[in-house]
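Peer 1: sequence and predicted structure below; questions after.
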Amino acid sequence: MGLFDRLFGKKKKEESQEELQAQLQAEEIAKEISETEKSGEAVQVIENVEEPRDAEPEIKVQQSEGDIPTVRVEDIVEKSDIEEEATPQETEKLDVSQPVEEVVEEEPVTEEPVVAEEVVPLKNEKEVEEKYEKSLKKTSRSFGDRLNALMANFRGVDEEFFEDVEEALILSDVGYELSLEIAEELREEVRLKNPRKRQDVKNVIIEKLADTLDDNGLNHTLNLQDDGLSVFIFVGVNGVGKTTTIGKLANRYRLEGKKVLLAAADTFRAGATDQLVEWGRRSQVPVVVGREGGDPASVVFDAVKKAKDEDYDVLLIDTAGRLQNKDHLMKELEKIIRIIKRELPDAPHETLLAVDATTGQNATQQAKQFSEVAPLTGIILTKLDGSAKGGIVFAIENTLKIPVKLVGLGEGLDDLEDFSPENFVVGVFSSLI
Ligand SMILES: Nc1nc2c(ncn2[C@@H]2O[C@H](COP(=O)(O)OP(=O)(O)OP(=O)(O)O)[C@@H](O)[C@H]2O)c(=O)[nH]1
């Protein structure tokens, strides 16, 4: 059964069962009234309006923020340790003569062993669904407007109509190739089932689109190691929300009881390190930082060593996103990955590209360009809350075959969610079918 049927087929079935039940109840009441009238008794009708109740109790997570002491990395990682690990050639390349500073937060709460039962989830399922729905309002409206305009001109399914379908989908940011594919599948469906009603035709278009997120075989789950250190690298051009995402994810993992470390390997842009340190303070996790203009691989080297020596669970690495100089960026990322692999052959476990959903097809273009620079394992679609162009999820997944793994749904510390095709499809389409 496709995603569409699983989500909306059930809804339709429930609706018709509810209708049937309401009808039976009405008949019962009518029967009672007529019997009472017959017996001459007075009749009083009481309206019983039941308040909807939430399925699960609300769980609130309280956080505290505090000042953090700054410690130089020499106090923690002896320079001789670094030299011991690196070959003479690599020592030269890593420029370890530059002192690397480290900012350490208060003792992370994860220092204490946490048993699984005590782990507090950030949001329950219902809250996540609501968050998706709220954040996708603009995208949903945009799809709705285009599909309604398309169906307003619907006189019957002819060649002109299929061209209009293609155009409406392209304008909804789902991508050129997929728009043509959906129109083609619609042609086939029309030939087989010949839907005549406007709503039926509209539903077929939505069903075809929704099912692509299920049929593409992409794994949307972050590759977090059950045992041992997980290393995630974050790439993306300036301003897309990379640093913000790292801060949000660090906060989530810390609340889940994991020991998290951040690495500020964007030594290129002035202020980038300070920004990550600020997110480290907010999410209460330590950050390994280097000198502005220093070698990012040196920061990564120190961070990986510290993470290994001190049994961290997760290391999140922020990088510079200079797409203008592809060759340089490629070399920088290759070097970072080489340094990581020398210490942890299976790592990095994720190379995630952050793209800004409000830029629509530009985001797809960036994903295409970055995947030529580094092998991407997932996409983070930020600012989905302020975007009417959420349709690019379909383009990214179907054209580029890269899974969307995280979505940014606001600027706050807990405004990051795992990408869920189900929540996405419901958020965009449930009001349209
Ligand atoms: N509405 C909304 N705003 C976001 C989201 N994610 C990030 N932002 C905002 O986007 C702006 C840029 O975010 P940054 O995290 O600084 O972006 P960056 O990619 O790290 O940029 P550089 O540090 O310049 O490389 C900030 O104002 C964030 O608050 C999101 O999911 N929703």
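Peer 2: Perfect, thanks for sending it.
Peer 1: with just CA atoms, put stretch 275-288 into CSV.
Peer 2: What follows is stretch 275-288, C-alpha atoms only, in CSV (Å, rounded to 0.1, in the frame of the first residue of the first chain):
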residue,chain,number,x,y,z
GLN,A,275,28.5,31.9,16.6
LEU,A,276,29.1,28.2,17.1
VAL,A,277,30.5,28.8,20.6
GLU,A,278,27.3,30.7,21.4
TRP,A,279,25.2,27.7,20.2
GLY,A,280,27.5,25.5,22.4
ARG,A,281,26.6,27.7,25.3
ARG,A,282,22.9,27.5,24.6
SER,A,283,22.9,23.7,24.1
GLN,A,284,25.4,23.3,27.0
VAL,A,285,28.0,21.3,25.1
PRO,A,286,31.8,22.0,24.7
VAL,A,287,33.3,23.4,21.4
VAL,A,288,36.8,22.8,20.0
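Peer 1: give the buried residues for that stretch.
Peer 2: Of all the residues in stretch 275-288, those buried under the rule 16 or more other CB atoms under 10 Å are 275-277, 279-288. Every residue, glycine included, has its C-beta placed from N, CA and C.
Peer 1: could you dump those residues into CSV with distance to Gly386 added?
Peer 2: Listed next are the buried residues of stretch 275-288 as CSV, based on distance: CB to CB, whole Å:
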residue, distance to Gly386
Gln275, 20
Leu276, 23
Val277, 26
Trp279, 20
Gly280, 25
Arg281, 25
Arg282, 21
Ser283, 22
Gln284, 27
Val285, 27
Pro286, 31
Val287, 27
Val288, 32
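Peer 1: from those, pick the one nearest the ligand.
Peer 2: Gln275 (5.4 Å; CB to the nearest ligand atom).
Peer 1: re the thing from before, so which of the buried residues of stretch 275-288 sit within helices?
Peer 2: 275-277, 279-283 (DSSP state H).
Peer 1: for the ligand, tell me which of the residues you listed show up nearby.
Peer 2: Gln275 (CB under 6 Å from any ligand atom).
Peer 1: closest to Phe234 out of the ones in helices among the buried residues of stretch 275-288?
Peer 2: Leu276 (10.2 Å; CB to CB).
Peer 1: quick check: the closest one touching Thr244?
Peer 2: No. The pair Leu276 and Thr244 does not pass the contact test of CB atoms under 8 Å, sitting 9.9 Å apart.
Peer 1: sorry, back to before: and the furthest pair within the ones in helices among the buried residues of stretch 275-288?
Peer 2: Gln275 and Ser283 (12.8 Å).
Peer 1: pick out the residue of the chain closest to the ligand.
Peer 2: For the chain, CB to the nearest ligand atom, closest residue to the ligand: Gly408, 2.3 Å.
Peer 1: just how off-centre is stretch 363-374 within its chain?
Peer 2: 17 Å (CA atoms, centre = their mean, to the nearest Å).
Peer 1: what sits up against it?
Peer 2: Outside stretch 363-374, the residues within contact range by CB atoms under 8 Å, 6 or more residues apart in numbering are 175, 233, 235-237, 240, 323, 326, 329-330, 333-334, 337, 351, 353, 355-357, 359, 376, 379, 381, 392, 395-396, 399-400, 402.
Peer 1: what's the PyMOL line that selects buried ones from those residues?
Peer 2: In PyMOL syntax, the buried subset of the contacts of stretch 363-374 is picked out as below (16+ other CB under 10 Å):
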select buried, resi 175+233+235+236+237+240+329+333+337+351+353+355+356+357+359+376+379+381+392+395+396+399+402
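Peer 1: in strands, which of the contacts of stretch 363-374 fall?
Peer 2: Using DSSP state E, the members of these that fall in strands are 233, 235, 351, 353, 355-356, 379, 381.
Peer 1: so which elements touch the helix or strand hosting Thr245?
Peer 2: Using DSSP states H and E, Thr245 maps to helix 242-255. For helix 242-255, the packing partners by 3 or more CB pairs under 8 Å, 6 or more residues apart in numbering; DSSP states H and E come out as strand 230-235, strand 260-265, helix 272-283, strand 314-319, strand 378-382, strand 404-408, strand 416-418.
Peer 1: list the contacts of the closest residue to Gly293 other than its chain neighbours.
Peer 2: Using CB to CB, 6 or more residues apart in numbering and skipping residues adjacent in sequence, the residue nearest Gly293 is Thr267, 6.1 Å away. Contacts for Thr267 (CB under 8 Å, 6+ apart) come out as 273, 290-296, 299, 320.
Peer 1: weed out the non-buried ones from the residues you listed.
Peer 2: The buried subset of these (16+ other CB under 10 Å) comprises 273, 290, 294-296, 299, 320.
Peer 1: farthest-apart pair in these, please.
Peer 2: Thr273 and Asp295 (13.5 Å).
Peer 1: does Ile246 touch Arg282 like I think?
Peer 2: No. Assessed by CB under 8 Å, Ile246 is found out of contact with Arg282, at 11.1 Å.
Peer 1: which bits of the stretch 201-350 of the chain sit near the ligand?
Peer 2: Residues of the stretch 201-350 of the chain lying near the ligand (CB under 6 Å from any ligand atom): 236, 238-244, 269, 272, 275, 321.
Peer 1: buried only: go through these for me.
Peer 2: Buried, going by 16+ other CB under 10 Å: 236, 240-244, 272, 275, 321, out of these.
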